[in-house]
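Q: what would the 3D arrangement of this be:
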Amino acid sequence: MKLRNTYYLLRHGESLKNIKGFESCWPEKTKVPLTKKGERDAKKVAGEAKRKKIDLIFSSDILRTKQTAGILGKTLDIKPKFDKRLREINIGIFNGQSIKDYGKFWNGGKNLLPIEHYARRFRIPAPKGEDYRDVEKRLSSFIKETEKRYKGKNIVIVGHSRPLTLLEKIAYKYPLKKFVDVIINKKEIKTGELRKLRK
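A: Model prediction:
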């Protein structure tokens, strides 16, 4: 994808779910704020972003991303724009459940290869949730609209780990194997990390 703007992806700082090991999407059944470390991480990355001459901040409207975007916006003197298309993946009935329980659902009691596991996630949603194709559609809608509206801007997108990886997949036109390699080799964006989306 040829981009008219320069994008920086920022995953929210460490949050309660990261240290407690449970899943959380929209609607937030339990408040999942940033931890003290997460707040420090957000302040540190805001200092880094200040050198990038940022024009706009877009963010998921879930608490942990809103808090991260708020810290960033305060440092850069930019009011974040919140967009539900940047939300965490809707995991339906597993919202608020342990990460292990969610993982068991995808394997269906089978010992699947990573490529099979993630292929399933593109076509099978969690009950009352969405699959990866659904997430790609909303992210594609966001990026296309932003590209149409702005040109030559430096833009930060504050979001969640897997949706940001899916956004990279869209931008770089990753095949499934490359997408899976990024995940299993632990190359996904880390909490509090600012990463440039290459043109």
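Q: ok, and what's touching stretch 168-182?
A: For stretch 168-182, the external contacting residues (Cβ atoms under 8 Å, 6 or more residues apart in numbering) are 1, 3, 7, 9, 114-115, 118-119, 122, 136, 139-140, 143, 165-166, 187-188, 197-198. No exception for glycine: its C-beta is placed from N, CA and C like everyone else's.
Q: next, the buried residues of the one helix or strand Gly73 maps to.
A: Using DSSP states H and E, Gly73 sits within helix 63-76. Neighbour counts using 16 or more other Cβ atoms under 10 Å place 63-73, 75-76 of helix 63-76 among the buried residues.
Q: pass me the low-pLDDT residue ranges in the chain, would you?
A: Residue ranges of the chain with pLDDT under 70: 103, 108-109, 199.
Q: how about the strands in it?
A: 6-11, 56-59, 81-82, 154-159, 194-197 (DSSP state E).
Q: tell me the most buried of those strands?
A: With neighbours defined by mean count of other Cβ atoms under 10 Å, none of the strands of the chain is more surrounded on average than strand 154-159, at a mean of 26.
Q: what's in contact with the longest helix anywhere in the chain?
A: Counting residues, the longest helix found in the chain (DSSP state H) is helix 132-149. Residues from elsewhere that reach helix 132-149 (Cβ under 8 Å, 6+ apart): 1, 3-5, 58, 83, 85-86, 89-90, 118, 121-123, 125, 155, 162-163, 166-167, 169-171.
Q: pull up the gap between the residue nearest in space to the middle of the chain and Ile62, please.
A: When the chain is reduced to its mean C-alpha position, the nearest residue by Cα atoms, centre = their mean turns out to be His160, at 2.3 Å. Relative to Ile62, His160 is positioned 8 Å away (criterion: Cβ to Cβ, to the nearest Å).
Q: could you name every residue contacting both of the two?
A: Overlap between the neighbourhoods of His160 and Ile62 consists of 87-88, taking contacts as Cβ under 8 Å, 6+ apart.
Q: kindly state the beta-bridge partners for the residue nearest to Tyr8 when sequence neighbours are not counted.
A: Distance criterion Cβ to Cβ, 6 or more residues apart in numbering; nearest residue to Tyr8, sequence neighbours excluded, is Val156 at 4.8 Å. With DSSP bridges as the criterion, Val156 is bridged to Tyr8, Ile57.
Q: wait, doesn't Val156 sit right on Ala49?
A: Yes: Val156 lies in contact with Ala49 (Cβ atoms under 8 Å); the separation is 6.2 Å.
Q: common neighbours of the two, please.
A: 8, 10, 72, 194.
Q: which residues touch the second one?
A: The reference is to Leu10. Applying Cβ under 8 Å, 6+ apart, the residues contacting Leu10 are 45, 49, 68, 72, 156-159, 193-195.
Q: try 6 Å this time
A: Residues counted as contacts of Leu10 (Cβ atoms under 6 Å, 6 or more residues apart in numbering) are 156, 158, 194.
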